[in-house]
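> Sequence first, then the predicted structure:
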Amino acid sequence: MRVDSKVITQIKFILLWIYNKLYNYTPLFTFKQILLRNTGVVIPNSSVIHTPVRFFGIGNIEIGEHTTINPGCYLDNRVGIKIGNNVSVAHDTKIYTLGHNIDNPFFLGKGKPVVICDYVCIFSNVLIMPGVKIGKGSVIYPGSVVTKSIGEYEVYAGNPAKFIRFRSQKQSYTIDYKYWFAL
């Protein structure tokens, strides 16, 4: 008996829905990290992904030390997301790694991993598109749409995001934002 590919796809979506619900309703950061690690996510004890959050796949995320991803974020980890140390990702940020090739006659998927380096500060409601690399110490202001890679210690804002100025290169803070019910 041959199973239709649409049925298999639907089953994958149901399992992903269950995974997201399970993560978002799991109490305590320790249990959340156990779930993440057992499904292929690399996350140290010093980092946290606050809930609610939406994963687009299982695994395929690597997070460095002392990094915080705040509530309401979309993590499209189907192709891969790598986030460095001491990164702050504010609420409702969306990181995409996969989309559709609008010029392909079959509308096939097209994607690349996203890399966010150490000491990056991403403010709320930012969209990061597939294949983007955000350089060390950079800042992305609220509501920006990042379609191209950004160099080290650069500050960007707007839609599409444009260079505003450079940030001080003397970053030495440690992010520690493991609070229950954080905003």
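Structure received.
> if I look at residue 155, how far off is residue 106?
Look at residue 155 and residue 106: by C-beta to C-beta, to the nearest Å, they are 40 Å apart. In this view, the C-beta of every residue, glycine as well, is placed from N, C-alpha and C.
> Return the residues in contact with the residue nearest the centre of the chain.
In the chain, the centroid-proximal residue (C-alpha atoms, centre = their mean) is residue 75; its distance is 4.0 Å. Applying C-beta atoms under 8 Å, 6 or more residues apart in numbering, we find residue 75 in contact with 49, 53-56, 61, 69, 81, 95.
> All the helices of the protein, in order from the start?
5-25, 29-37 (DSSP state H).
> Counting by contacts, list what the last one packs against.
It stands for helix 29-37. On a contact count with 3 or more C-beta pairs under 8 Å, 6 or more residues apart in numbering; DSSP states H and E, helix 29-37 meets helix 5-25, strand 48-49.
> Alpha carbons of the longest one, as PDB, please.
Output of helix 5-25 as PDB, limited to C-alpha atoms (Å, rounded to 0.1, in the frame of the first residue of the first chain):
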ATOM      1  CA  SER A   5       2.900  12.300  -0.300                       C
ATOM      2  CA  LYS A   6       0.200  14.800   0.800                       C
ATOM      3  CA  VAL A   7      -0.700  12.400   3.600                       C
ATOM      4  CA  ILE A   8       3.000  12.200   4.700                       C
ATOM      5  CA  THR A   9       3.300  16.000   4.600                       C
ATOM      6  CA  GLN A  10       0.100  16.400   6.600                       C
ATOM      7  CA  ILE A  11       1.400  14.000   9.200                       C
ATOM      8  CA  LYS A  12       4.700  16.000   9.400                       C
ATOM      9  CA  PHE A  13       2.700  19.200  10.000                       C
ATOM     10  CA  ILE A  14       0.600  17.600  12.700                       C
ATOM     11  CA  LEU A  15       3.800  16.400  14.500                       C
ATOM     12  CA  LEU A  16       5.400  19.800  14.200                       C
ATOM     13  CA  TRP A  17       2.200  21.300  15.700                       C
ATOM     14  CA  ILE A  18       2.400  18.900  18.600                       C
ATOM     15  CA  TYR A  19       6.100  19.700  19.100                       C
ATOM     16  CA  ASN A  20       5.300  23.500  19.200                       C
ATOM     17  CA  LYS A  21       2.500  22.900  21.700                       C
ATOM     18  CA  LEU A  22       4.700  20.600  23.800                       C
ATOM     19  CA  TYR A  23       7.500  23.200  24.000                       C
ATOM     20  CA  ASN A  24       5.200  26.100  24.700                       C
ATOM     21  CA  TYR A  25       3.400  24.400  27.500                       C
END
